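# prediction below, plus the sequence it came from.
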Amino acid sequence: MLKWLGSLVDSNEKELKRLEPIVAQINSLEPEFQKLSDAELRGKTDKFKTRLKNDETLDDILPEAFAAAREAARRIMGERHFDVQLMGGIVLHQGKIAEMKTGEGKTLVATLPLYLNALTGDGCHLVTVNDYLARRDAYWMGPIYHALGLTVASIYPPQNPDEHLPARLYDPDYTDEKDTRWPHFRPVSRQQAYRADITYGTNNEFGFDYLRDNMAIDLSQYVQRPLNYAIVDEVDNILIDEARTPLIISGSAEEATEKYNIFARLVPQLKKDEDYTIEEKERQTYLTESGMTKMEKWLRRDGLLRAPSLYDPANYSLTQYLENALKAKVLFQKDRDYIVKDGQVVIVDEFTGRLMFGRRYSEGLHQAIEAKERVKIQRESVTLATITFQNYFRLYKKLAGMTGTAATEAEEFHKIYKLEVVVIPTNKDMIRINNPDQIYKDEDSKFKAVAREIETFHQQGTPVLIGTVSIEKSERLSDLLKRRGIPHQVLNAKNHEKEAAIIAQAGRVGAVTVATNMAGRGVDIILGGKKPEEPKREDFQDEQEWQKDHQKWQKEYQKWQEEHDRVIELGGLHIVGTERHEARRIDNQLRGRSGRQGDPGSSRFYVSLEDDVVHRFGGDRVKGFMDWAGFDENTPIEHSMVSKAIENSQVKVEGYHFDIRKHLVDYDDVVNKHREVIYAERRKILEGADLKANILSMVRDEIEKLVAASCSHDFMESDFTGLIEELTTIFPLPPPINPAALSKMRPNEITEKLIEYAEQLYEQREAEIGAENTRLLERLVMLRAIDTLWKDHLTEMDHLRQQAGLYAMKQVDPIVAYKKEGHALFQSLTASIEHDVVYTIYKVSLTRKEAPAQRQPQKVAVPAGRKVGRNDPCPCGSGKKYKHCCGR
Ligand code: ADP
Ligand code: MG
């Protein structure tokens, strides 16, 4: 590990050396670019684009493009990229992580590689940690891109219930008078936001859009373009901290618990053999005519029946409850198939006898059993789509990241994302003083000491920022401060925008701000508070009015300057950590809020032996040391060796968490392969792939399989009746194809004959409804099969994963077992998709349905409901089994 870090430091030096000549080149272009008029500067963009079309590479034009972006920033924002910022920009362009400390201006750094990479026209994404920053940064940097002739947009989650997938485009020609903060944000669609050259948004929004796109049933619904280049801001937070939980789009199955109860009450009144039969072997149960009549009577009495016959399509949803209730009653036995424990129905694994906590029978059966056992019925949530951030971000052609704290996690970035970390030096030397930790025996005395320290600083006027590990701890500290009469603000990362405004003032004289780890991230703490903004002449029509405002500003600015100088005299922002976090990185983030851009500052962490990280991972060693040092209960101890011991335990916890995340990725990688295949298939379908050939080949395969299965070696024993019965569930057969006729043919003749018929029938149907409609139906049938079965597959994989843990006990590597069984499940998924398509395609049709409110008759595609099994009740409503009725 240490050796590894050592080589990292060396290679970092080398990396930086390699950047120097490029930086020099950009600097040498500066005078030339400064001479350009605004229009000429804007014109550079088109020139670069042309050069890229003429086979120059992005690397070729990097120095000029960076020079152009720097010049635009200088003119428009009055901020000229520092040399270290150019370095950071190059590193980002190279698809690496630039570690740049807080306050180094990473927002501005990103404009360089984003501008350069957007020149190809393929779109670039900037990923922010929260929705406030997604808007702030797009708007803040918008003028630079605009001056260069590029478009920039922002996507963010809905801020109120009426908003649907909100997005804004930066457009200075548009003004929303009501919006005082971001008046030039024009509302646009998500799709338009993704068509902008540069799109800012949160990791969640990007990820969800990707999942939603892959659930679309028409290409026109896709909002994203192919994922080209992304820069992830606060990359450690997004790719490490947030990567522990995957993105999931889930729906809760629409169910009414009360229906389960009704059926659980009705079904026990049915009599075995008279009202229902059991086919033990298949573990199936069927209602008889008498059972059906009884159920219809009872349901009519309860007002639930929508049509006279239970098997009328209008009653379809009822039959599902009925089937499940019946199964739950007659096929599933308490204490054999499941047990009831703490008000929950727990499945018993039929092979191992183990209790499968957390697993549920699917499609409403579990709920039916819950109703039977009179325990609380739990709503099932179905996973419709899911992906981990690891796998989402790996989809980009090029990925880069920036943050103040990446180096400690360099190994993980490298192993999981193949991202290299380059540590960029600060623009000015860092002069913050990091005091050694103070260690207390228990939490109480620690918090009291923290409050005392805050009081001291507050009284002398030095601003203090206190970091806590949880909302609960923030509140505890807040109480202590209230008792001492110290005015303070508490931030809990709840309302990013409001908290941003507060934290921007955390550097004022006497300010005391308590924040949980994430609160106010991405917002700069300026000593003396936020600088008053100079009024711009062009915003005023009247010269005098501007003069007046400007004078007012001058006075305010002077006041700000005095306060700023005063805070510097007081030693700058003081940071208090109330606990060492599990990861050193998070501690560094907290410290890093002070001492930005050469500012003075200081920090101190308080630790107690009761703290989680000490207690769980390094407690004995720390304690041993303290005993040795003659530690007494009331005085704190401050020794570098204790800090070392704590850091060692942090390294241990980091490793532990890394393993967990690695594990998650290992598992997700298995599903990821499946996802890639399925999503690619879907996409092909939407793009208009030739499905007919595909489907017909599935039909041929199925026919071959069926014929092979029914033709026995001993020809006399071949089951042609069974074959015909099975075939009729695919398509209706004409009279000439019957068991007697088939028995006179050889197996391959049968196959040929059937295939010929299947193809003819297909053509015939196509001629009837038209080629265009047939293509539409093919697409719908395929998509429907893929989507339904893929969803089920995700659930099954999830179950498999929960089971995988059991393998460890059997001396089998769980991940190996998971991969193997996952592969089998995937094969059965593809087989099921084909099966579904074959058994549906001949049954779907287009019908005209008069929509009551519309005069124009509407064309609706009606894919057949679910597949009708031979033993299912006939959908015609006769009450007979399908095989004895229309399916005959
Ligand atoms: P970071 O994300 O690295 O913590 P920010 O992007 O929030 O930093 O920028 C911090 C502050 O530095 C901002 O107020 C920004 O305007 C300022 N800043 C960044 N780059 C420059 C520059 N080249 N010249 C002057 N000010 C800059
Ligand atoms: Mg930032």
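Okay, I see it. Ligands and ions are numbered 1, 2, ... in the order given.
# can you show me the strands along the stretch 1-150 of the chain?
97-99, 124-128 (DSSP state E, counting those that start in this stretch).
# just give the closest residue to the residue of the stretch 151-300 of the chain found nearest ligand 2, not the sequence neighbours.
For the stretch 151-300 of the chain and ligand 2, the shortest gap (C-beta to the ion) falls at D233, measuring 5.9 Å. For the C-beta atoms, the positions are set from N, CA and C on the backbone; glycine is no exception. Spatially, and ignoring its direct neighbours in sequence, D233 is nearest to T128 (5.3 Å; C-beta to C-beta, 6 or more residues apart in numbering).
# longest helix in the chain, by number of residues?
Assignment by DSSP state H gives helix 640-686 as the longest helix of the chain.
# packing partners for that one?
strand 381-387, helix 389-393, helix 410-417, helix 584-591, helix 612-613, helix 619-628, helix 771-809, helix 814-841 (3 or more C-beta pairs under 8 Å, 6 or more residues apart in numbering; DSSP states H and E).
# would CSV of the ones you listed with distance to ligand 2 be doable?
Formatted as CSV, the helices and strands packed on helix 640-686 follow (distance: least, C-beta to the ion, whole Å):
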stretch, distance to ligand 2
strand 381-387, 26
helix 389-393, 18
helix 410-417, 18
helix 584-591, 11
helix 612-613, 27
helix 619-628, 34
helix 771-809, 35
helix 814-841, 37
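# for the ones you listed, which has the smallest mean pLDDT value?
If you rank these by mean pLDDT, helix 619-628 sits at the bottom with a mean of 68.
# could you look up the SS state of R300?
Under the three-state scheme (DSSP: H, G, I helix; E, B strand; the rest coil), R300 adopts helix.
# for the stretch 251-400 of the chain, which segments count as strands?
Going by DSSP E, counting those that start in this stretch, the stretch 251-400 of the chain shows strands at 276-279, 284-287, 338-341, 344-348, 355-356, 381-387, 398-403.
# before we move on, back to that, any chance of the helices and strands packed on helix 640-686 in CSV, plus distance to Y762 and mean neighbour count?
Listed next are the helices and strands packed on helix 640-686 as CSV, based on distance: least, C-beta to C-beta, whole Å; neighbours: other C-beta atoms under 10 Å:
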stretch, distance to Y762, mean neighbour count
strand 381-387, 32, 17
helix 389-393, 39, 22
helix 410-417, 48, 18
helix 584-591, 61, 22
helix 612-613, 66, 17
helix 619-628, 73, 15
helix 771-809, 8, 17
helix 814-841, 8, 18
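# just put those in JSON lines and tack on distance to P21.
Output for the helices and strands packed on helix 640-686, formatted as JSON lines (distance: least, C-beta to C-beta, whole Å):
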{"stretch": "strand 381-387", "distance to P21": "40"}
{"stretch": "helix 389-393", "distance to P21": "31"}
{"stretch": "helix 410-417", "distance to P21": "25"}
{"stretch": "helix 584-591", "distance to P21": "31"}
{"stretch": "helix 612-613", "distance to P21": "44"}
{"stretch": "helix 619-628", "distance to P21": "48"}
{"stretch": "helix 771-809", "distance to P21": "50"}
{"stretch": "helix 814-841", "distance to P21": "46"}
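# between those, which gets nearest to A708?
The stretch from the helices and strands packed on helix 640-686 with the least distance to A708 (C-beta to C-beta) is helix 814-841; that distance is 15.3 Å.
# avg pLDDT for the longest helix of the chain?
Per-residue scores along helix 640-686 average to 87.
# who touches the residue in the stretch 501-650 of the chain that ligand 1 sits nearest to in this structure?
Residue nearest to ligand 1 within the stretch 501-650 of the chain: D524 (4.1 Å; C-beta to the nearest ligand atom). Residues in contact with D524 (C-beta atoms under 8 Å, 6 or more residues apart in numbering) are T102, G103, A504, R596.
# from I503, how far out is it?
Computed with C-beta to C-beta, to the nearest Å, the distance linking D524 and I503 is 9 Å.
# now L691. Nearest residue, chain neighbours left out?
E778 (4.1 Å).
# now do the contacts for that neighbour.
L691, K692, I695, I841.
# so I786 sits against A680, correct?
No - contact criterion C-beta atoms under 8 Å: I786 and A680 do not qualify, at 11.1 Å.
# what pLDDT does I424 get?
For I424, pLDDT reads 96.
# please report the distance of it from ligand 1.
Taking C-beta to the nearest ligand atom, to the nearest Å as the measure, I424 falls 10 Å from ligand 1.
# what sits against that residue?
L16, V84, M87, G88, V91, A98, E99, M100, E104.
# same question for V838.
Per C-beta under 8 Å, 6+ apart, neighbours of V838: I695, M698, V699, E702, I730.
# which among those residues end up buried?
Among the contacts of V838, those classed as buried by neighbour count (16 or more other C-beta atoms under 10 Å) are I695, M698, V699, E702, I730.
# ok, the first one to ligand 2 distance?
So the one you mean is I695. The spacing between I695 and ligand 2, counted by C-beta to the ion, to the nearest Å, is 52 Å.
# what's the answer for R75, then?
For R75 relative to ligand 2 (C-beta to the ion), the value is 23 Å.
# might you report the residue contacts of that residue?
Contacts of R75 (C-beta under 8 Å, 6+ apart): D38, L41, A147.
# now distance to S828 and neighbour count too, for those residues, in CSV please.
Below are the contacts of R75 laid out as CSV (distance: C-beta to C-beta, whole Å; neighbours: other C-beta atoms under 10 Å):
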residue, distance to S828, neighbour count
D38, 63, 11
L41, 60, 21
A147, 57, 21
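# closest to ligand 2 among the residues you listed?
A147 (21.8 Å).
# once you drop chain neighbours, what's closest to that closest one?
A72 (4.5 Å).
# what is the burial count for that neighbour?
25 (other C-beta atoms under 10 Å).
# isn't it right up against G149?
No - under the criterion of C-beta under 8 Å, A72 is not in contact with G149, lying 10.0 Å apart.
# and the helix or strand hosting K498, what other elements does it pack with?
According to DSSP states H and E, K498 maps onto helix 496-503. The contact analysis (3+ C-beta pairs under 8 Å, 6+ apart) places helix 496-503 against helix 131-147, strand 489-491, strand 512-516.
# and with 6 Å instead?
Counting contacts by 3 or more C-beta pairs under 6 Å, 6 or more residues apart in numbering; DSSP states H and E, helix 496-503 is packed against helix 131-147.
# within the sheet, what are the partner strands of whichever helix or strand comes after the helix it packs on, with directions?
From helix 131-147 onward toward the C-terminus, using DSSP H and E, the following helix or strand is strand 152-155. With DSSP bridges as the test, strand 152-155 is paired with strand 167-170 (antiparallel), strand 198-202 (parallel).
# check which residues of strand 152-155 are buried.
Neighbour-count burial for strand 152-155 [16+ other C-beta under 10 Å]: V152, A153, S154, I155.
# what do you get for stretch 467-483?
G467, T468, V469, K473, S474, R476, L477, S478, L480, L481.
# which pair in these has the greatest spatial separation?
V469 and L481 (17.2 Å).
# surely L395 is in contact with P226?
No - taking C-beta atoms under 6 Å as the definition, L395 is not a contact partner of P226, at 8.9 Å.
# for D131, grab the count of nearby residues.
Using other C-beta under 10 Å, D131 has 21 neighbouring residues.
# not counting its neighbours along the chain, what's nearest it?
That would be Y156: by C-beta to C-beta, 6+ apart, it lies 3.9 Å from D131.
# just to check, that neighbour is in contact with Y132?
No - using C-beta under 6 Å, Y156 makes no contact with Y132, being 8.2 Å away.
# for the closest residue to ligand 2 within the stretch 51-200 of the chain, which residues are in contact?
The nearest approach of the stretch 51-200 of the chain to ligand 2 comes at K106, 4.8 Å away (C-beta to the ion). Applying C-beta atoms under 6 Å, 6 or more residues apart in numbering to K106 gives the contacts M100, M402.
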